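Asker: no FASTA, just this:
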Ligand code: SAM
Ligand code: SF4
């Protein structure tokens, strides 16, 4: 099925990938992501299940073929699995892939339901295999649940890809082990540089670890060869000869990846952000709650294509400097 009116921005980039945040809340408090006393949105501001569904259908009608549900933590939203089931019915009918990004604390409970609804691959965020380090990063002692969740997902037949934020002085010495562990179980792993999104208690500068330095250190232990693998996303990949596995690098700060950007993001309140690193926004909740939601939604998507910027404006804040963007990753949907 081809969309009759696809989403193409002013730089001729075809947008086919939506990351939809279904909730801003989370059961963890990863120190680089949000403060301990994070202010969450009043429930009334968050889109209802029906609105999320309608919104998604509007995007699929305009050529979105890949849909990732995220948050906050998507699996703490109570009616989340109903949304997954409803969207799963669009697979093969416009939608090619339905996936989610999760911290996996509740994955053991939902893995089978996700697989039954048509989800084939998920991304799990895992920064460490050490329980004390996990509790330090996430400020909750939940590594056992996460590992159980990953095991359940694999048992349910889901392909699991791990995302690891590289943190100087916290998990940098463990990155080799994480890669070995992931690859031994057939999981791909992607390293991410910490991004300056939203205020947190700590100075992110203190833990910013440029991935070019990590790559050099990895190359002293493993044989890395550039991989032609591309997902249309920001990651660049290498193959690791010793493990036979694939390793990704997402480097928003040391390498700009915007040229081939095919994605947009919608927050749990229906704010469409055409760029993760920009302030541009279109209010799709207003469109959904207007007299003619279909027309207003489509007009909102046209507007988003007009304002999608050429590239993001991140820079790692210098010590003590405010983040580039006030919005947290958990708000935008990472
Ligand atoms: N709660 C889910 C999870 O952690 O997978 C989904 C949402 S979370 C915001 C998505 C991803 O964003 C996670 O992999 C997390 O590590 C990453 N993230 C959050 N804040 C970040 C930041 N400031 N810089 C880089 N990555 C960040
Ligand atoms: Fe929650 Fe994900 Fe942010 Fe961690 S990174 S606090 S799991 S939303």
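Answerer: Perfect, thanks for sending it. Just so you know, these numbers come straight off a predicted model, no measurement behind them. Ligands and ions are numbered 1, 2, ... in the order given.

Asker: okay, residue 11: pLDDT?
Answerer: Reading off the confidence values, residue 11 has pLDDT 90.

Asker: helix, strand, or coil at it?
Answerer: coil (DSSP: H, G, I helix; E, B strand; the rest coil).

Asker: burial count for the closest residue to ligand 1 within the stretch 151-300 of the chain?
Answerer: Residue nearest to ligand 1 within the stretch 151-300 of the chain: residue 195 (3.6 Å; CB to the nearest ligand atom). The way it works is simple: take the backbone N, C-alpha and C, and place the C-beta from them, glycine included. Other residues near residue 195 come to 24 when the count uses other CB atoms under 10 Å.

Asker: secondary structure element for it?
Answerer: Using DSSP states H and E, residue 195 is not contained in any helix or strand.

Asker: just to check, it is in contact with residue 251?
Answerer: No. Using CB atoms under 8 Å, residue 195 makes no contact with residue 251, being 10.3 Å away.

Asker: the stretch 1-150 of the chain against ligand 2: which residues are in contact?
Answerer: Proximity of the stretch 1-150 of the chain to ligand 2, by CB under 6 Å from any ligand atom, involves residues 26, 28-30, 33-34, 71-73, 103, 125.

Asker: including secondary structure, pLDDT and distance to residue 55, could those go into TSV?
Answerer: TSV is the format used below for these (DSSP: H, G, I helix; E, B strand; the rest coil; pLDDT from 0 to 100; distance: CB to CB, whole Å):
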residue	secondary structure	pLDDT	distance to residue 55
26	coil	97	21
28	coil	97	26
29	coil	96	28
30	coil	95	27
33	coil	92	24
34	coil	92	24
71	coil	93	15
72	coil	94	17
73	coil	97	20
103	coil	98	24
125	strand	98	24
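
Asker: low pLDDT regions in the stretch 151-300 of the chain?
Answerer: 232, 253-257 (pLDDT under 70).

Asker: does the residue in it positioned nearest to ligand 2 sit in a helix or strand, and which one?
Answerer: Ligand 2 sits closest to residue 165 of the stretch 151-300 of the chain, with a gap of 8.0 Å, by CB to the nearest ligand atom. Using DSSP H and E, residue 165 sits in strand 159-166.

Asker: then residue 25?
Answerer: Using DSSP H and E, residue 25 maps to neither a helix nor a strand.

Asker: isn't it right up against residue 39?
Answerer: No. Using CB under 8 Å, residue 25 makes no contact with residue 39, being 10.9 Å away.
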